[in-house]
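Visitor: Would you be able to build a 3D model of this:
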Amino acid sequence: MAEVWAGGCACGRIRYELSEPPRASFNCHCRACQRYTGSAFIAVALVPARAFDLKQGEPVFYLSRGDNGHEMRRGFCGFCGSPVVTRLGRLPDHVGVPAASLDDPSWFRPTMDIFTASAQPWAPMNPELPKFPEGPQGQVGKTVTRGDSSTT
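Guide: Purely as a prediction, here's the structure:
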């Protein structure tokens, strides 16, 4: 059987499974993500949309624009407010899954920091990760494995 990653919202009304490993993993420091999380950044696993299987509940979506001007449909639990998925207009074949929504986020390893031009000075970043002042052109499509910060 293939490895499955599971997650959901804080109250448990929304549950999902991922049937493929993330293609990219990153911390996004754009202002749109800061507002979405109420924090300095969001840690995201980018997975093929075909691999995201909603098992229970339905996220409430709202349309927003990222710092790059591209549309994003942000999905969250309508009861507890937890972010669970982002559908990206620029990458319709992928979805972003907040690492914190995974049942076991301990395996998540970001491989880059993006939109660092908007990063908050009070939030430290890992100095070993590549930094992109804006979007990570050409970085999508690299597979991330559990417990490994390298990409293949």
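Visitor: excluding its backbone neighbours, what's nearest the residue nearest in space to the middle of the chain?
Guide: By CA atoms, centre = their mean, the chain has its centre lying nearest to Val44, at 2.3 Å. Of all residues not flanking Val44 in the chain, Gly96 sits nearest, at 4.5 Å (CB to CB, 6 or more residues apart in numbering). Any C-beta I mention is one placed from the backbone N, CA and C, and that applies to glycine too.
Visitor: same thing with Pro136?
Guide: The shortest distance from Pro136 to any non-neighbouring residue, by CB to CB, 6+ apart, is to Ile114 (5.0 Å).
Visitor: partner residues bridging the one you found?
Guide: Beta-bridge pairing for Ile114 (DSSP bridges): Cys28, Phe132.
Visitor: how close does it sit to Cys80?
Guide: 27 Å (CB to CB, to the nearest Å).
Visitor: So for the two, which sits in the more crowded spot?
Guide: Using other CB atoms under 10 Å as the criterion, Ile114 and Cys80 rank with Ile114 on top: 28 against 12.
Visitor: check contacts around the more buried one.
Guide: Ile114 is in contact with 26-30, 132, 134-136, counting by CB atoms under 8 Å, 6 or more residues apart in numbering.
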